[in-house]
Structures are given as C-alpha cells and as structure tokens.
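Peer 1: my questions are about this predicted structure, shown below with the sequence.
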Amino acid sequence: MVHWLAKKAAEEAERELLDEDRVRAQLLELQTRYDLGEVSEKDYDEQERVLVERLSAIREAKAERGRQ
C-alpha cells in the first residue's frame with residue numbers, strides 16, 4: 001500500500017511539473033499584471049525569462065520521454 005501511494009504521489013508531482021498549461025497561465029497572468037502597472041518592466045522581464053525557460057524545459061522533458 002505504501003509503495004502504491006508513493007508511486008501515485010510521484011506521478012502526480014511529475015504531472016504538475018510537466019503542466020504546460022499552468023506555465024502558460026502564469027505567463028498570461030504576468031502579462032496582465034504588467035499591463036495594469038502592477039509589475040515593473042525589469043521584474044516582468046526576469047519573471048518572463050524564468051517562465052519561458054520552464055516551458056522550454058517541460059517541452060524538452062516531454063520530448064525526451066517520447067524518445068524512450
């Protein structure tokens with residue numbers, strides 16, 4: 001039972017880490033906050049870079065899983 005539970009928890013964590021929609025939603029929220037003046041251009045650029053890198057890493061991880 002413990003092994004099954006640990007496996008399910010790991011699967012859910014991986015699903016969340018590889019969720020492109022979640023990152024795209026964060027990008028959209030960031031853009032909205034920038035447009036409303038809630039985020040400076042510097043902060044926007046930094047946060048956007050991090051999110052785009054995360055999105056890229058997710059896509060690479062999914063491509064790698066597809067090759068296995």
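Peer 2: Alright, I've got the coordinates.
Peer 1: buried ones in stretch 18-29?
Peer 2: Of the residues in stretch 18-29, those scored as buried under the neighbour-count criterion (16 or more other CB atoms under 10 Å) are 23, 26-27. (C-beta placed from N, C-alpha, C; glycine too.)
Peer 1: a markdown table for those residues, including pLDDT, secondary structure and distance to H3?
Peer 2: Rendered in a markdown table, the data for the buried residues of stretch 18-29 read as follows (pLDDT from 0 to 100; DSSP: H, G, I helix; E, B strand; the rest coil; distance: CB to CB, whole Å):
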| residue | pLDDT | secondary structure | distance to H3 |
| --- | --- | --- | --- |
| V23 | 96 | helix | 31 |
| Q26 | 97 | helix | 33 |
| L27 | 97 | helix | 37 |
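Peer 1: go through the residues you listed and name the one nearest R54.
Peer 2: Comparing the buried residues of stretch 18-29 against R54 with CB to CB places V23 closest, at 5.4 Å.
Peer 1: residue contacts, that closest one?
Peer 2: By CB atoms under 8 Å, 6 or more residues apart in numbering, V23 lies in contact with 51, 54-55, 58.
Peer 1: check E16 too.
Peer 2: Contacts of E16 were listed using CB under 8 Å, 6+ apart, and they are R22.
Peer 1: that one sits in which helix or strand?
Peer 2: Assignment of secondary structure by DSSP states H and E places E16 within helix 2-17.
Peer 1: can you tell me the closest non-neighbouring residue to the residue nearest in space to the middle of the chain?
Peer 2: By CA atoms, centre = their mean, the mean C-alpha position of the chain lies nearest to V23, the distance being 3.8 Å. In space, V23 comes closest to L55 once its chain neighbours are excluded; the distance is 4.8 Å by CB to CB, 6 or more residues apart in numbering.
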